[in-house]
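A.B. asks: Just a sequence and a predicted model for now, questions to come.
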Amino acid sequence: MSRTSAILAAAVVFGLAAPAFADTIRVGVTISTTGPAASLGVPQRNSIALLPKEIAGQQVTYTVLDDGADSTRAVANMRKLIEEEKADIIIGTSTTPASLAMINVAAETKVPMISLSASASIIQPMDATKRWVFKVPQNDNLMADAIAGHMAASGVKTVGFIGFNDAYGDGWAKEFTRAAAEKNITIVANERFARADTSVTGQVLKLVAAKPDAVLIAGSGTPAALPQKTLHERAYAGKYYQTHGVANNDFLRVGGKDVEGTILPAGPILVSAQLPDSNPIKAKALEYVKAYEAANGAGSVATFGAHAYDAAILLTAAVPGALAKGKPGSAEFRAALRDSMEAQKNVVMTHGIANMTAEDHNGFDSRARVMVTIEGGAWKLLP
């Protein structure tokens, strides 16, 4: 069976201890299927059901736990998966703060981890701890450059910024400040809000008072709709930008007419059907869309679920090299799996093409992003 066929024909074990096969690769998964990041975690959980149950002749099982976007629960889940379920690798979690909290566990136990979160701070700067961590979503610095470039080309000179008051928002504030300065764009307001907030009126009043040409909202999932809806209520008439953290249909549903015209960078999979046939990612992206919608219904696909699919693509590519140095369940296999993932080149995923190095455990370049807008309640590829 080919690597692609194995992924599409996959079965999965949810929440159960791995069977006692001698040659079983045990994958532990912690994701946010409840709480403020559920719109990220639910499609990720659904995507686990599409992942391979066999790689390079080895059985593969998955144990999936929910962390509710809580850092303490994510760390506890990771320890449970490693200590009780004997996981060879961890996939997760859905949010940046919780992923950052898990890094030390990966280094301490010497079990590799593939994060499904966006912030570059999860893997940068590289050190002895982060060498055990990989990530498949695009880094925020790659996407910040795309936003600043689009703003400059659109005549934007001043920007108001509002982001989560956690590591996701902090990472975006840092990267967008750099990218904006490179394009001679001035940030005239810098506000924060919590993922669980029900009102951001105070922050929005400050943004409106600063009279920026555009506002960038650095949030993820459905909570990122709140500042934009509040800005509309206050009649802000400038341009609206969001990050790739909102690229799913739940954001469109919650935002409604208030998010029409929003501009954001996203993985090519978001508009895979609109990509030219020459795009090297299109076929892989459409493959995932077909598999996901066959299992979950037409129009149900979300880019966040594709990150889990991409984690399996990276794992599938790395396993043969790791098996040459150790058996699943052994420290030698886990270390070899880390080394093999770091050595992968030209791995075509649904979001981009990964070329890993010892200093870059994401490996994506500009092929991993497109600019899109929201038109008629749907995503539209921009030229």
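C.D. replies: Thanks, I have it. Numbers count the residues shown, from 1 in each chain.
A.B. asks: List the buried residues for stretch 363-373?
C.D. replies: 363, 364, 368, 369, 370, 371, 372, 373 (16 or more other C-beta atoms under 10 Å). C-beta coordinates here come from the backbone N, C-alpha and C atoms, glycine included.
A.B. asks: which ones are touching the second one?
C.D. replies: It stands for residue 364. If you count contacts by C-beta atoms under 8 Å, 6 or more residues apart in numbering, residue 364 has them with 138, 139, 142, 351, 352, 353, 354.
A.B. asks: Tell me the spacing between the second one and residue 362.
C.D. replies: Pointing back at residue 139 there. Taken as C-beta to C-beta, to the nearest Å, the spacing of residue 139 relative to residue 362 amounts to 6 Å.
A.B. asks: which residues are common contacts for these two?
C.D. replies: Contact criterion C-beta under 8 Å, 6+ apart; residues bridging residue 139 and residue 362 by contacting each: 120, 123.
A.B. asks: okay but residue 378 is in contact with residue 252, surely?
C.D. replies: Yes. With the criterion set as C-beta atoms under 8 Å, residue 378 and residue 252 qualify as a contacting pair; they are 7.4 Å apart.
A.B. asks: Please point out which parts of stretch 88-99 sit buried.
C.D. replies: Buried residues in stretch 88-99, counted by 16+ other C-beta under 10 Å: 88, 89, 90, 91, 92, 93, 94, 95, 96, 97, 98, 99.
A.B. asks: Tell me the gap between that stretch and the middle of its chain.
C.D. replies: Offset of stretch 88-99 from its chain centre (C-alpha atoms, centre = their mean, to the nearest Å): 10 Å.
A.B. asks: what about that stretch, how long is it end to end?
C.D. replies: Terminal residues of stretch 88-99 are spaced 17 Å apart (C-alpha to C-alpha, to the nearest Å).
A.B. asks: for stretch 297-311, same thing?
C.D. replies: Counting by C-alpha to C-alpha, you get 22 Å between the two ends of stretch 297-311.
A.B. asks: May I see the buried residues of that stretch?
C.D. replies: With the criterion 16+ other C-beta under 10 Å, stretch 297-311 contains buried residues 300, 301, 302, 303, 304, 305, 306, 307, 308, 309, 310, 311.
A.B. asks: so how far is residue 140 from the third one?
C.D. replies: The reference is to residue 302. From residue 302 over to residue 140 (counting by C-beta to C-beta), the distance is 19 Å.
A.B. asks: Please apply the same query to the first one.
C.D. replies: Here the criterion is C-beta to C-beta. By it, residue 300 lies 26 Å from residue 140.
A.B. asks: Residue 279 falls within a strand, correct?
C.D. replies: No. Checked against DSSP: H, G, I helix; E, B strand; the rest coil, residue 279 lies outside a strand; its state is coil.
A.B. asks: residues in contact with it?
C.D. replies: Taking C-beta under 8 Å, 6+ apart as the definition, contacts of residue 279 comprise residue 268.
A.B. asks: And for residue 113?
C.D. replies: Contacts were defined as C-beta under 8 Å, 6+ apart; by that measure residue 113 touches 78, 89, 90, 91, 92, 102, 103, 106, 132, 133, 134.
A.B. asks: what do you get if the cut-off is 6 Å, keeping everything else the same?
C.D. replies: Contact analysis of residue 113 by C-beta atoms under 6 Å, 6 or more residues apart in numbering lists 90, 106, 133.
A.B. asks: What residues are bridge-paired with it?
C.D. replies: Residue 113 has the following beta-bridge partners by DSSP bridges: residue 90, residue 133.
A.B. asks: Quick check: the gap between it and residue 362.
C.D. replies: Distance of residue 113 to residue 362, given as C-beta to C-beta: 13 Å.
A.B. asks: which one of the contacts of residue 113 sits closest to residue 289?
C.D. replies: For the contacts of residue 113, the minimum distance to residue 289 (C-beta to C-beta) is 26.2 Å, reached by residue 90.
A.B. asks: surely the closest one meets residue 28?
C.D. replies: Yes. Here residue 90 lies in contact with residue 28, judged by C-beta atoms under 6 Å, at a distance of 4.8 Å.
A.B. asks: Let me see the contact set for residue 193.
C.D. replies: Shown in contact with residue 193 (C-beta under 6 Å, 6+ apart): 200, 203.
A.B. asks: typo on my end, residue 190
C.D. replies: Taking C-beta under 6 Å, 6+ apart as the definition of contact, the neighbours of residue 190 are residue 161.
A.B. asks: Listing partners with orientation, what would you give for the strand or helix carrying residue 190?
C.D. replies: Under the criterion DSSP states H and E, the helix or strand holding residue 190 is strand 186-193. Taking DSSP bridges as the criterion, strand 186-193 sits next to strand 158-164 (parallel) in its sheet.
A.B. asks: ok, residues contacting the partner strand?
C.D. replies: Outside of strand 158-164, the residues that reach it under the criterion C-beta under 6 Å, 6+ apart are 169, 172-173, 185-191, 195, 203, 207, 210, 212-219, 227.
A.B. asks: Which residue ranges of the stretch 251-383 of the chain form helices?
C.D. replies: If DSSP state H, counting those that start in this stretch is used as the criterion, the helices of the stretch 251-383 of the chain fall at 282-296, 303-323, 331-342.
A.B. asks: Compare residue 378 and residue 252 and say which is more crowded by neighbours.
C.D. replies: Between residue 378 and residue 252, counted using other C-beta atoms under 10 Å, the more crowded position is residue 252 (19 against 12).
A.B. asks: Just give the nearest non-adjacent residue to the more buried one, would you?
C.D. replies: Computed as C-beta to C-beta, 6 or more residues apart in numbering, the closest residue to residue 252 that is not its neighbour in sequence is residue 377, at 5.8 Å.
A.B. asks: I'd like to know how many residues surround the one you found.
C.D. replies: Here the neighbour count serves as a burial measure; for residue 377 (other C-beta under 10 Å) it reads 13.
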